[in-house]
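Participant: need a structure here:
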Amino acid sequence: MGIPRASATGTRNLIGWFGTLPEQKIVDSFKRWGFLIQAYTEADLQVPAQLFALSAMVFVQSPEKPSRVVMPLANYWQLLLDHGIQVVVLVAAAHRTKGKEVTSFAAPLATVLRNQRFPAAGLSVFKDDEIKISREDRGSEPAPPHVRFFTLGTSWNWVAKSIAAASQELAPSTPLEIFCPKHFQLDGAHKALLRRAFFDCATVHLAPMDEEGKSGALVFRAYADLVEGLLGRWPQPYFVKIAVRNKIYTEYQNYTNVVDPYVPFHLGPRLIPERCHLGAKLGIIVGDFVERAESLRECANRGRAAPMIAALFHTTLHGWYRSASEKDAPLPDRLKFPRLDGIPKRLRHARRMGARMDVPALNAMFQSSASLLPVLIGPIHGDLHASNILVRSHDAIVIDFCAHRDEMPILYDIACLEVSLLIDGFASDDRKVLHWLKSVAPLYRGALLETACATVHPKDASAWFFSCVTQIRLFARDMQRRRGQYAATLAMALLWKASKDPTLKGKQSIRRAAACVLAERLLNDTFGKSEALSAESGARGEPEHHPAGKSAAA
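Facilitator: So this is what the prediction gives:
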């Protein structure tokens, strides 16, 4: 299933034909599908304005000159796909020469395919040893636009029909003016996608989002001026995300299949399908921008997040979690132990804080959680950090669904949110990291995960976090089916957080090292010999903490 196009009305109806025009019967076959054919040269392909009306570009391999289309295809497939133009290649059949020797005309095209790895369909024209792909890949159908191969001799009516099925896109906006901060350096592929997305606009102003760049994606707030708006030139703002093609397509499918039907319409942004497109290596999605909202991370460290956390799990994501079911699916089968060899400096910091960081021993303790069955399995967000949750009034609005996964422990979403608040929520905290660690350490005793959380004096700088964790763990205890499941899941979320962004420096890096300390403590308390960790001794002299329901004097 591809990203749907706007409508057939007003779509591109020109077919570019590389080289000389074909014979009249071929022209007539395309005309029956509403297409006109025009000859194109390499010089024409170098002029973007010449591409805007094209629906497809056809390359026909000639048995007499089989290499003639190879270099143009290699040089221009990316430009064509970025402009939303289907690329169709007619491959000459294998040619028999002297004796039984056979020369394959497809071989040079297969070399281009192997080297440049463009999205391609119709791979049955190649031999297995020419492209070396699995049978599953051979039968797959990438979303349009893509490069589609046919064998020369295929019915031209069938070729025209396949182009018509994939080409329902409106022509890009030729005069669109794009305004963007200079340091972003948008290249030709970015601009081509924006012209396709804002096909009906005269200008678009892009303002970077606060969280831009963490995943390698470009994320903007977009203000567009329509050429012809029914109620004026200024529609509501949009959000724009440009990222790697396959990630954009995955996120588009997630919005269509698991967000729109199951997340209340006011608690998840909606995409605008006719503005969502794929290019050669990048893709773009455009949707409604959530105005007058702040991230849960900002809301949390101001002490206002607890009601929103309750709304997040009991309202926003309830449509997912109510379909969860108990399964004999061990946690280690669904949650992989992270590789920690890429963060040696953080492991040394963790050891200086008192952790042993015997990675095989930690893994062995986590593997012992496999006996905690059943596990509540269902769909999860997959990247439920505090900046992917926007707060407006009393609503918790979820964004960024690229990492959505089915058939996962529900507890993982909950643990990811807690770890995000623990590490990222204290980014502006000016305390020394050891003081911060002492402050939050009482929350990470294994036994406390099964009962009411520890509390802290309201004057403590970590009081807001204790309030959030209290709410988070109410839901965690409801979702776990055996004691220790949340401890194991939380330990994995801590270690995964510690393993990411190895180039970070300063307090944020040291806090991630502290996440290793807390993960070790949880695993040891729950699955080890309950040895006292140095992190506990490091918590001596901390601000007043006591289990909920007990006084400080007690």
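
Participant: Now L312. Its backbone dihedrals?
Facilitator: Dihedral pair for L312: phi -60, psi -50, per degrees, to the nearest 10.

Participant: what about it, how many neighbours?
Facilitator: Using other Cβ atoms under 10 Å, L312 has 28 neighbouring residues. In this view, the C-beta of every residue, glycine as well, is placed from N, C-alpha and C.

Participant: Same question for the one 3 residues further on.
Facilitator: Here the neighbour count serves as a burial measure; for T315 (other Cβ under 10 Å) it reads 15.

Participant: Could you count how many residues lie near E291?
Facilitator: Burial of E291 is recorded as 10 neighbouring residues (other Cβ under 10 Å).

Participant: is it true that it lies in a strand?
Facilitator: No - judged by DSSP: H, G, I helix; E, B strand; the rest coil, E291 forms no part of a strand; its state is coil.

Participant: surely Y444 meets L518?
Facilitator: Yes - the pair Y444 / L518 is scored as a contact, 4.4 Å apart, by Cβ atoms under 8 Å.

Participant: Distance of S29 relative to R148?
Facilitator: 16 Å (Cβ to Cβ, to the nearest Å).

Participant: And for L340?
Facilitator: Distance from L340 to R148, by Cβ to Cβ: 44 Å.

Participant: out of these two, which sits in the busier spot?
Facilitator: R148 (23 against 19).

Participant: from what I can see that one touches G122, true?
Facilitator: Yes - taking Cβ under 8 Å as the definition, R148 is a contact partner of G122 at 5.0 Å.

Participant: intersection of neighbour lists for these two?
Facilitator: Common contacts of R148 and G122, defined by Cβ atoms under 8 Å, 6 or more residues apart in numbering, are absent altogether.

Participant: how close does the nearest residue to T250 once chain neighbours are set aside sit to K247?
Facilitator: Nearest non-adjacent residue to T250, counting by Cβ to Cβ, 6 or more residues apart in numbering: C402, 6.0 Å away. According to Cβ to Cβ, C402 stands 5 Å off from K247.

Participant: out of these two, which sits in the more crowded spot?
Facilitator: Set C402 next to K247 and count neighbours by other Cβ under 10 Å: C402 wins out with 23 against 18.

Participant: Tell me how many other residues crowd A74.
Facilitator: By the criterion of other Cβ under 10 Å, A74 has 17 neighbours.

Participant: Tell me if I'm right that it and Q116 touch.
Facilitator: Yes - judged on Cβ under 8 Å, A74 makes contact with Q116 at a distance of 6.5 Å.

Participant: quick one: which helix or strand includes D406?
Facilitator: strand 405-409 (DSSP states H and E).

Participant: Please point out which parts of that strand sit buried.
Facilitator: M408, P409 (16 or more other Cβ atoms under 10 Å).

Participant: what does stretch 104-112 give?
Facilitator: Neighbour-count burial for stretch 104-112 [16+ other Cβ under 10 Å]: S104, F105, A106, A107, P108, L109, A110, V112.

Participant: so what's the last one up against?
Facilitator: Right, V112. Contacts of V112 (Cβ under 8 Å, 6+ apart): V70, L73, A74.

Participant: Report the residue spans of the stretch 451-554 of the chain with pLDDT below the cut-off.
Facilitator: 529-554 (pLDDT under 70).

Participant: quick one, helices of it?
Facilitator: For the stretch 451-554 of the chain, applying DSSP state H, counting those that start in this stretch gives helices covering 463-479, 485-499, 507-527, 534-538.

Participant: Give the burial count for K191, as a bare number.
Facilitator: 16.

Participant: what does L317 give?
Facilitator: When neighbours are counted by other Cβ under 10 Å, L317 registers 24.

Participant: Ok, R302 next?
Facilitator: Neighbours around R302, by other Cβ under 10 Å: 10.

Participant: Helix, strand, or coil at it?
Facilitator: Assignment for R302 (three-state DSSP): coil.

Participant: so the residue nearest to E294 when sequence neighbours are not counted is in which element?
Facilitator: Nearest residue to E294, sequence neighbours excluded (Cβ to Cβ, 6+ apart): V391, at 5.6 Å. Element membership for V391 (DSSP H and E) is strand 389-392.

Participant: What about the buried residues of stretch 104-112, which are in helices?
Facilitator: A106, A107, P108, L109, A110, V112 (DSSP state H).

Participant: In a markdown table, list the residues you listed along with pLDDT and distance to Q480.
Facilitator: As requested, these are exported to a markdown table (pLDDT from 0 to 100; distance: Cβ to Cβ, whole Å):
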| residue | pLDDT | distance to Q480 |
| --- | --- | --- |
| A106 | 84 | 56 |
| A107 | 83 | 57 |
| P108 | 85 | 58 |
| L109 | 88 | 55 |
| A110 | 85 | 52 |
| V112 | 87 | 52 |
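
Participant: for these, which one is nearest V398?
Facilitator: V112 (41.5 Å; Cβ to Cβ).

Participant: and that closest one, how far is that from V70?
Facilitator: Separation of V112 from V70 (Cβ to Cβ): 6 Å.

Participant: Could you do R512 as well?
Facilitator: Distance from R512 to V70, counting by Cβ to Cβ: 49 Å.

Participant: L194 too?
Facilitator: Counting by Cβ to Cβ, the gap from L194 to V70 is 31 Å.

Participant: of the two, who's got more company?
Facilitator: It is L194, of L194 and V70, that has more neighbours when counted by other Cβ under 10 Å, with 27 against 18.

Participant: Not counting its neighbours along the chain, what's nearest the more buried one?
Facilitator: I178 (5.7 Å).

Participant: So what are the sheet partners of the helix or strand containing the one you found and their directions?
Facilitator: Element membership for I178 (DSSP H and E) is strand 177-179. Using DSSP bridges, strand 177-179 pairs in its sheet with strand 201-208 (parallel).

Participant: Contacts for the partner strand, please.
Facilitator: 173, 175-181, 184, 194, 198, 219-227, 233, 240.

Participant: With stretch 300-312 instead?
Facilitator: With Cβ under 8 Å, 6+ apart as the test, stretch 300-312 has contacts from 296, 299, 386, 389, 391, 394-396, 398, 417, 421, 425-426, 428, 463-465, 467-468, 470-472, 475.

Participant: can you check stretch 64-81 too?
Facilitator: By Cβ under 8 Å, 6+ apart, stretch 64-81 touches 18-19, 42, 45, 51, 54, 57, 59-62, 87, 89, 92, 105, 108-109, 112, 115-116, 118-119, 145-147, 188-189, 278-281.

Participant: and it, how far out from the chain's middle?
Facilitator: Here stretch 64-81 shows a centroid-to-chain-centroid distance of 31 Å under the convention Cα atoms, centre = their mean, to the nearest Å.
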